[in-house]
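# What shape does this take:
(one chain, ligands or ions: 1)
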Amino acid sequence: MVPVVDLSRRGRSAAGEFAATVTRIVESGSRLLGEETAAFEREFAVWLEPVRSPRLQPLEVVAVSSGASALQLALAAVGVGAGDEVIVPAFTAVPTAAAVCALGATPVPVDVEAGTANLDNALVAAATTPRTKAVVVVHLYGRPAERPDTDLPVIDDAAQAHGAIRDHRAADIVAYSFYPTKNLGGIGDGGAVVTADADIADRVRRLRVHGMTAMYVHTEISQNFRMSEIEAAWLRLGLPLLNADNDRRRQIAARYRAAAPDARWQTIHVDHVYHLCVLRSAERARVRDAFAAAGVATAIHYPLALTQQPGYWKFRAAPCPQAEAWAAECLSLPCFPELTDAEIEHVAGALAAVPT
Ligand SMILES: Cc1ncc(COP(=O)(O)O)c(C=O)c1O
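Here you go, the predicted model:
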């Protein structure tokens, strides 16, 4: 069976170098937010913005404990708190909305576009109320989302989109996840907040460590969102491979699209980084069975829209038919850099043979 994702392949090729790094860190006594984390923050800033005017300071990268914490801290840094509303796409990974709830604020699900699966920006104005404090756009599956036309702070949820955002300075705050399956995947959980605004970055750095400004002096109430040195070291090993990994993902998606040009693919974008390669099918159960019979594993990201999640029913506002249609029809195909050429051709053959 061709798997949807298989982390053991990268694990095997990286294990030797990582073991040496782990030994060095263990012997150093540094555990959290040390030199490895600082080096990763610098290197990720350069990767995100390889060409920078010398007049500009590097982007600020604050490494944190997960993508969900990156979102939560980004929202906190723009002042979101109890009683506020935050617009979120109705079709996303649930942590997008959970981060809003963690601050005591209310996520307001707004429908997505039929083609891109990203927030339908035409609906943002109608969903905005005097209590709305921010909008979260999600670059779902790695496909860049447009920034909505709003005066509110916009947080980019780029958990699935390392490499899909060209200009981080045009964004307010971008939140990344390094969950192990992501395009830049960690050895455990991890995330990063990225901004060009030094004040926002300082605030996130404080909030990352219990709101502490000097040793055991806490000027704000917060919790622990630290990154471990082992996580940072693993991410530093993966970062130099990320451009080639993203190119490989694009090649895989292009091959699949060529094999089934009439399938209902997520609409194309030149900067798509294909965290997931997704098509839609009104007969998903039949198509999944046919792929499985052909030796191709598939997955569903995600089976329920936010408006359909039992824990989030209370936040339903306007109907979100496109989000619910995506949830009913989406199907993820095998897509990760270590797929062999033979496996890619195998999936392409199944795509050509199975009507979707
Ligand atoms: C779109 C999106 N947002 C947020 C998250 C949360 O990231 P993490 O699992 O690192 O907390 C994820 C990943 O699970 C995601 O895919």
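# Return the residues of the stretch 101-250 of the chain in contact with the ligand.
Within the stretch 101-250 of the chain, the positions near the ligand by CB under 6 Å from any ligand atom are Val138, Asp157, Ala159, Gln160, Ser177, Tyr179, Asp189, Gly191. All C-beta atoms are positioned from the backbone trio N, CA, C, and that covers glycine.
# Among these, which pair sits farthest apart?
Maximum pairwise distance among those (CB to CB): 18.7 Å, between Val138 and Asp189.
# What are the buried residues along the helix or strand hosting Trp234?
In the assignment (DSSP states H and E), Trp234 maps to helix 229-238. Buried residues in helix 229-238, counting neighbours by 16 or more other CB atoms under 10 Å, are found at Glu229, Ile230, Glu231, Ala232, Ala233, Trp234, Leu235, Arg236, Gly238.
# what do you get for stretch 177-186?
So for stretch 177-186, counting by 16+ other CB under 10 Å, buried means Ser177, Phe178, Tyr179, Pro180, Thr181, Lys182, Asn183, Leu184, Gly185, Gly186.
# dump the residue contacts of the fourth one.
Pro180 sits next to Leu7, Gly186, Ile187, Gly188 when contact means CB atoms under 8 Å, 6 or more residues apart in numbering.
# between Val138 and Asp189, who's got more neighbours?
Val138 (26 against 18; other CB atoms under 10 Å).
# residues in contact with that one?
Counting by CB under 8 Å, 6+ apart, Val138 makes contact with Val88, Pro89, Thr92, Ala93, Thr96, Asn118, Leu119, Ala145, Asp157, Ala159, Gln160.
# Okay, the nearest residue to His301 once chain neighbours are set aside and Gly163: tell me how far apart.
For His301, ignoring the flanking residues on the chain, the nearest one in space by CB to CB, 6 or more residues apart in numbering is Ser332 at 5.2 Å. Remark: distance between Ser332 and Gly163 (CB to CB, to the nearest Å) = 19 Å.
# Compare neighbour counts for the two and give me the winner.
Set side by side, Ser332 and Gly163 show more neighbours around Gly163, with 24 against 19, by other CB under 10 Å.
# Please give the element, helix or strand, for that one.
Counting by DSSP H and E, Gly163 is part of no helix or strand.
# Next one: it relative to the ligand, how far apart?
As judged by CB to the nearest ligand atom, to the nearest Å, Gly163 and the ligand stand 15 Å apart.
# going forward, begin numbering at 43 instead of 1
Shifting the count to begin at 43 puts that one at Gly205.
# mind checking pLDDT for that residue?
If you check Gly205, the pLDDT there is 98.
# Arg299: neighbour count?
16.
# Now for it: which residues touch it?
Counting by CB under 8 Å, 6+ apart, Arg299 has contacts Ala305, Trp307, Ile310.
# The first one contacts Ala394, correct?
No: distance between Ala305 and Ala394: 10.1 Å, which falls outside the contact criterion (CB atoms under 8 Å).
# Give me the more crowded residue out of the two.
Higher neighbour count among Ala305 and Ala394: Ala305, with 18 against 13, using other CB under 10 Å.
# Let me know the pLDDT of that one.
Model confidence at Ala305, given as pLDDT, is 98.
# ok, so what distance separates it from Gly233?
Distance, Ala305 to Gly233, by CB to CB: 33 Å.
# same thing with Leu283?
Distance from Leu283 to Gly233, by CB to CB: 19 Å.
# So these two - more neighbours on which side?
Gly233 (29 against 15).
# can you pull up the bridge partners for the more buried one?
For Gly233, the beta-bridge partners are Val106, Ser219 (DSSP bridges).
# Now do the contacts for it.
Neighbouring residues of Gly233 by CB under 8 Å, 6+ apart: 105-113, 201, 217-220, 269.
# Now flag whichever of these is closest to Asp331.
So of those, ranked by how close each gets to Asp331 (CB to CB), first place is Ala201, at 30.1 Å.
# Could you verify my assumption that that closest one touches Thr223?
No: taking contacts as CB under 8 Å, Ala201 lies outside contact range of Thr223: 10.6 Å.
# Name the residue of this protein that lies nearest to the ligand.
Of all residues in the chain, Gly109 sits closest to the ligand, at 2.4 Å by CB to the nearest ligand atom.
# just to revisit the earlier point, elements contacting the helix holding Trp276?
Helices and strands touching helix 271-280, by 3 or more CB pairs under 8 Å, 6 or more residues apart in numbering; DSSP states H and E, are helix 49-70, helix 77-90.
# Just say which of those helices is most tucked in.
Per-stretch averages of neighbours, counted by mean count of other CB atoms under 10 Å, single out helix 77-90 among the helices and strands packed on helix 271-280, with a mean of 19.
# counting contacts, what elements does that helix pack onto?
The criterion is 3+ CB pairs under 8 Å, 6+ apart, and the helices and strands that helix 77-90 contacts are strand 102-106, strand 233-237, helix 271-280.
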